[in-house]
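A.B. asks: coordinates only, sequence not included:
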């Protein structure tokens with residue numbers, strides 16, 4: 001079932017993000033995942049945070065989290081992805097695609113002008129880029145990250 005998150009979902013969402021950090025190697029670039037910090041940050045963003053989840057027997061199996069905010073340059077509202085991740089055993093499930101559709105429907109209903117989605121380099125990029133292109137997304141930018149070792 002796809003639905004908006006509630007406070008009780010936050011530990012399950014943190015489990016997903018921790019799994020993502022481990023699987024993607026993202027933590028090796030930007031530092032280890034801190035569950036307490038992550039949960040505090042989500043709570044502090046509650047006013048702007050939009051999260052849709054897929055649950056099965058009260059277990060969060062995938063989630064799409066976005067921040068709704070005005071664009072710095074135009075003032076138009078946008079939804080910007082924080083994370084979108086599914087437990088490995090549930091990938092390829094149509095419910096995961098419906099998470100993005102739920103965000104699109106929210107945008108249409110709430111005068112949101114654009115949606116920004118990201119993808120990790122080396123994390124199935126050709127498939128992901130094709131997935132987004134088929135849905136009308138345009139590739140705009142890539143991020144290059146420099147890890148400053150003295151800060152780790």
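C.D. replies: Yep, that arrived. Please read these numbers as outputs of a predicted model, since none were measured by experiment.

A.B. asks: Out of the helices and strands in the chain, which is least certain?
C.D. replies: helix 26-30 (a mean of 74; mean pLDDT, DSSP states H and E).

A.B. asks: So which bits of that one are buried?
C.D. replies: For helix 26-30, the neighbour count (16 or more other Cβ atoms under 10 Å) marks residue 26 as buried. All C-beta spots, glycine's among them, are computed from the backbone N, C-alpha and C.

A.B. asks: Going along the chain, name the helices of the chain.
C.D. replies: 10-24, 26-30, 35-44, 94-109, 125-134 (DSSP state H).

A.B. asks: Return the most buried member of those.
C.D. replies: helix 10-24 (a mean of 17; mean count of other Cβ atoms under 10 Å).

A.B. asks: List the contacts of that one.
C.D. replies: With contact meaning Cβ atoms under 8 Å, 6 or more residues apart in numbering, helix 10-24 is reached by 5, 26-27, 32-33, 35, 38-39, 42-43, 51, 53, 55, 59-60, 62-63, 65, 83, 85-88, 120, 123.

A.B. asks: So among the residues you listed, which ones count as buried?
C.D. replies: 5, 26, 33, 38, 42, 51, 53, 55, 60, 62-63, 65, 83, 85-87.

A.B. asks: Considering those residues, which is situated nearest to residue 142?
C.D. replies: Closest to residue 142 out of these is residue 26 (14.8 Å), distances taken as Cβ to Cβ.

A.B. asks: Return the set of buried residues in stretch 65-79.
C.D. replies: Within stretch 65-79, judged by 16+ other Cβ under 10 Å, the buried ones are 65-68, 78-79.

A.B. asks: Among the residues you listed, list the two that are farthest apart in space.
C.D. replies: Those two in those that are separated most widely, counting by Cβ to Cβ, are 65 and 78, at 14.3 Å.

A.B. asks: distance of residue 73 from residue 19?
C.D. replies: Computed as Cβ to Cβ, to the nearest Å, the residue 73 to residue 19 distance reads 34 Å.

A.B. asks: Now the residue nearest the centre of the chain: closest residue in space that isn't a chain neighbour?
C.D. replies: Compute the mean C-alpha point of the chain, and by Cα atoms, centre = their mean the closest residue is residue 83, 1.8 Å away. Spatially, and ignoring its direct neighbours in sequence, residue 83 is nearest to residue 65 (5.2 Å; Cβ to Cβ, 6 or more residues apart in numbering).
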